[in-house]
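> what follows is a predicted structure for the sequence shown.
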Amino acid sequence: MNSYKITAHMDGSGLYYDPSEPIHLDSLIAWVLAPKQGLRHLDRAGEPGLVRLPVKSSVINGSRVWHASALHPAGPTGESIWYWRKRLRQSRCELTTGAPNLTNGTYRDWQMPVPLLLARRMVGYVVGKRKDIRKCLDEVRYLGKKRAHGHGKVLRWEIEECEDDHSLVMDGRAMRWLPTPGGAREVRPIPPYWHPSGRVACCEVGDDWDD
């Protein structure tokens with residue numbers, strides 16, 4: 001397995017990106033491979049199965065992690081606000097029963113601000129099998145939330161070989177969530193990161209790392 005720099009070339013329309021919940025490369029690869037390995041319909045009550053990834057893994061402080069960093073914006077960036085709106089279609093009121101409540105419930109009116117990161121490139125690092133990683137990433141055409149509204153479109157993925165492994169740590173800073181005693185975040189160290197099972201204390205992305 002070799003080390004690679006992964007670049008997602010974006011269309012510039014804006015990405016719903018939360019820096020406190022960065023997108024990890026291994027989560028994207030797992031999203032593609034999980035259904036193909038028969039792992040579907042996950043819920044918070046069940047125990048998630050391990051998705052086999054074409055990525056190197058290591059054990060850090062007793063927990064398994066994949067050598068795949070979070071994605072970070074590269075180059076010039078900006079910020080924007082987009083509003084997600086939903087209103088009751090008054091022309092179809094005859095399909096409702098009673099008096100629709102516009103303050104809560106099914107018929108509530110919504111106007112939610114969505115912060116967008118304006119970036120042409122998102123960069124991450126991974127150690128694994130290039131051909132298999134490329135095949136998986138080519139199936140990822142959008143990043144972030146509100147993909148159905150056209151945000152976060154990926155134009156193409158670029159994979160470049162690196163001499164050094166920056167998938168876990170780069171310049172003394174954590175490139176992903178890494179298990180560490182007393183870490184500020186409780187999170188699974190492997191995908192699916194949202195699942196409550198298997199959570200351990202981890203450092204934040206960008207924290208100093210000298211373990």
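Perfect, I can see it now. Values in this document were obtained by computation on a predicted structure and should not be read as measured data.
> quick check: bridge partners of Ala119?
Assessed by DSSP bridges, Ala119 has beta-bridge partners Thr77.
> apologies, that question was intended for Val200.
Beta-bridge partners recorded for Val200 (DSSP bridges): Val187.
> what about it, how many residues close to it?
18 (other C-beta atoms under 10 Å). Any C-beta I mention is one placed from the backbone N, CA and C, and that applies to glycine too.
> Val126 now?
31.
> Cys136 now?
21.
> that one touches Val32, doesn't it?
Yes - under the contact definition of C-beta atoms under 8 Å, Cys136 touches Val32, with a separation of 4.4 Å.
> how about the contacts made by the spatially most central residue of the chain?
In the chain, the residue lying closest to the centroid (C-alpha atoms, centre = their mean) is Ile23, at 2.6 Å. By C-beta atoms under 8 Å, 6 or more residues apart in numbering, Ile23 lies in contact with 17, 70-71, 122, 143-144.
> check Ala30 too.
51, 53, 191-192.
> which one of these is nearest to Lys86?
Nearest to Lys86 out of the contacts of Ala30 is Pro192 (C-beta to C-beta; 27.6 Å).
> residues contacting the closest one?
Pro192 makes contact with 27, 30, 42, 48, according to C-beta under 8 Å, 6+ apart.
> for the residues you listed, which PyMOL command selects only the ones that are buried?
A single PyMOL command is used to select the members of those judged buried by 16 or more other C-beta atoms under 10 Å:
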select buried, resi 27+30+48
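> for the contacts of Ala30, pick the one with the most neighbours.
Busiest of the contacts of Ala30 [other C-beta under 10 Å] is Leu53, holding 26 neighbours.
> so which of the contacts of Ile23 sits lowest on pLDDT?
Among these, Tyr17 carries the weakest pLDDT, at 84.
> having no further points to raise, I will conclude here.
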